[in-house]
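Engineer: attaching a predicted model along with its sequence, questions to come.
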Amino acid sequence: MTYFFQLSALLLAGFFSSICTSQVRDVRGYEIKESGYLGRPSGIQQDLYWLDNDRVIFIGAKPGEFVEPIAGVKEIRYGLFVWSLKAGKVERHHEGSAYSSLCVYRGYIRFEFDKNAARYALAGRFGQETVERLDREILEERRKYERVINRLTCREYKRSELPPLGFRVTPLLEGEFLSQDREQRLVEVVHWKYWPREGSPVMLNMTLETIGIERYSEYLDSYVLQEYPSAVVFSDKVIRRWWLMDRKGQIRDFTPPTGPWMRGSTVVVPTERGLFLVSHAIDIRGGNGAAGGYLLDDKGLYRVIAGRPESFQVSPDGCRVAISISDRAQNGPIKRWIKTVNVCLKGG
């Protein structure tokens, strides 16, 4: 852990100025495994997770498999699958639908799907889940935002049951919360406050912009914080600020270097080998452009896999990145393939 943070600080200081105007550098040789299965155009949804350091669970489809919900209408047969890298096989865990949703946290899964005009939830410890039909009362409470699913722990909660920590309260991991003291008015920034299980709350006011929690890193047991600027700019020189915050509220800078990858939306996460960045900066004229997955290590920042990423997640040990990605340089229909990149294993 100490080495990782020392390395990050050196990289940010030493490479920021030199990389900001350079072109994309592709480095091959990292182990990339192909599942042979397709992912969804998931948008902001998270469609894949690690069950452990070997198994990936994801919403996807086997190529060539379709369903016919209405006579004469063919749809891709989406489902919930488990890919064992060690065994080299993918197995269907449950049937799904085009509007399924998935959340996984430390072996607990929540998979929701539609069937016969009704909504169902498959939830519980992996392999011990139960299926429940969601009644109208639950769906109506969700519609009114009275009932919400915690996207970090995958547990459902009622907002009325949250502790009175401020005007707006959001649960994080067990016993930890975010809060805002008052309602945010137009063109005003009300900073979030982080409440650890023990100790004093921490104000997330590192900049004048709003800062929120983008995701949780199981590898470092830390939250990944992102700045949400009021004015969104896409250019080679724009700075998108990120931080890592441990569960006690200690914050470290995690801002990546600028470059062509900043022309599209970006997300960063920690790995055993350094910062991993995904970029959606495709070439609008066709092709991958600067989109793909990048690794920042002691040799600089370089792209280890090209294409437009959808969902992605780092394994608990920090070595593998599971990713749903489409290669825009290939001809024909866009296909999003489920793959893994081992950033800890590089061949020739």
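Structural biologist: Here it is on my side, so go on. Numbers count the residues shown, from 1 in each chain.

Engineer: what's the helix or strand for Ile138?
Structural biologist: helix 136-143 (DSSP states H and E).

Engineer: helices and strands around the next helix or strand after that helix, which ones?
Structural biologist: Counting by DSSP H and E, the next helix or strand C-terminal to helix 136-143 is strand 147-149. Where contact means 3 or more C-beta pairs under 8 Å, 6 or more residues apart in numbering; DSSP states H and E, strand 147-149 is packed against helix 136-143, strand 156-158. In short, each C-beta sits where N, CA and C put it, glycine included.

Engineer: how many neighbours does Glu112 have?
Structural biologist: When counting by other C-beta atoms under 10 Å, one arrives at 19 neighbours for Glu112.

Engineer: repeat that for Tyr294.
Structural biologist: By other C-beta under 10 Å, 27 other residues sit near Tyr294.

Engineer: and if you look at the one 5 residues further on?
Structural biologist: Applying other C-beta under 10 Å, we find 12 other residues in the vicinity of Lys299.

Engineer: for the helix holding Ile138, buried residues please.
Structural biologist: Going by neighbour count (16 or more other C-beta atoms under 10 Å), the buried part of helix 136-143 is 138, 141.

Engineer: tell me the mean pLDDT for that helix?
Structural biologist: Helix 136-143 comes out with an average pLDDT of 96.

Engineer: equivalent analysis for stretch 171-191, please.
Structural biologist: 92.

Engineer: and it, how far from the chain's centre?
Structural biologist: 21 Å (C-alpha atoms, centre = their mean, to the nearest Å).

Engineer: try stretch 277-293
Structural biologist: 17 Å.

Engineer: one step back: and the helices and strands packed on strand 147-149: which comes nearest Ile149?
Structural biologist: Ile149 lies closest, by C-beta to C-beta, to one member of the helices and strands packed on strand 147-149: strand 156-158, at 5.0 Å.

Engineer: pull up the pairing partners for the closest one, direction included.
Structural biologist: Using DSSP bridges, the strands paired with strand 156-158 are strand 147-149 (antiparallel).

Engineer: follow-up on the earlier one: who does the helix holding Ile138 touch, helix- and strand-wise?
Structural biologist: If you count contacts as 3+ C-beta pairs under 8 Å, 6+ apart, helix 136-143 packs onto strand 147-149.
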